[in-house]
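**Q** Requesting a structural model of the entry that follows:
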Amino acid sequence: MKPISISVLTICGIDELSAAHSAPVSHVLSMLDPDRADVDAFSAYAPHHRTLLRFHDIIDPEPGRMMPTATHVEAILQFGEELATSRTNRQDGHLLVHCHMGVSRSTAGMLSLLAQLYPDEPEATLFERLRKIRPQAWPNSVMIGYADELLGRKGRLVDALRKHYGYQVEHRPDLATWMKQLARGREVQMASPI
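**A** Predicted coordinates:
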């Protein structure tokens, strides 16, 4: 990511945060449930810029739970803008994006940032990059829909997401089973053949 001087991209879950601080982290994007206590692992990190967003990892409205909204994805893209403008103050950087498990919200956040950073890169290539960073990536479809709209991708990110889901269903069927158990079967049905 030479344009923003970020050499390391990491996606992880909460349980992996204590191990991730071994490589100095310059920027953190956290996505947590609204009622979850903040993570204390960051006290062991070197000074860094952190943005914390709170919403549930759901794709359909549920009583008492907060859906991801366009405002949340706008905040992710604002984080990306701040990351890009901060490059004049550093030579290198390490971006860490995390959620509870490092599978859905965080991978949707990272994909949104990649799509923002590489506006001319084919969407399929962005998802290939995402799988290299986090092989178990299953991005939240609602978040990707908002990113598609906000970045003017005209449905191409959502189409590529369908193919990504298809790839994951074929190569990681355990993810598809897990998503069905989490009331995310609609995303499994979105999967298109690769």
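**Q** CA atoms for contacts and neighbours, from now on please.
**A** Noted.
**Q** Rounded mean pLDDT for the helix or strand containing Glu128, please.
**A** Using DSSP states H and E, Glu128 sits in helix 123-133. For helix 123-133, mean pLDDT rounds to 97.
**Q** residues in contact with that helix?
**A** Helix 123-133 has contacts (C-alpha atoms under 8 Å, 6 or more residues apart in numbering) with 9-11, 107, 110-111, 114-115, 137, 156-157, 160-161, 164.
**Q** Below-threshold pLDDT in this structure: ranges please.
**A** Residues of the chain meeting the criterion pLDDT under 70: 1-7, 21-22, 87-91.
**Q** Wait, Arg162 touches Val169, no?
**A** No: using C-alpha atoms under 8 Å, Arg162 makes no contact with Val169, being 10.4 Å away.
**Q** what residues do the two have in common as contacts?
**A** The contact lists of Arg162 and Val169 share Ala191, where a contact means C-alpha under 8 Å, 6+ apart.
**Q** buried set for the helix or strand Arg50 falls within?
**A** Applying DSSP H and E as the criterion places Arg50 in strand 49-54. The neighbour-count check on strand 49-54 (16 or more other C-alpha atoms under 10 Å) flags Arg50, Leu53, Arg54 as buried.
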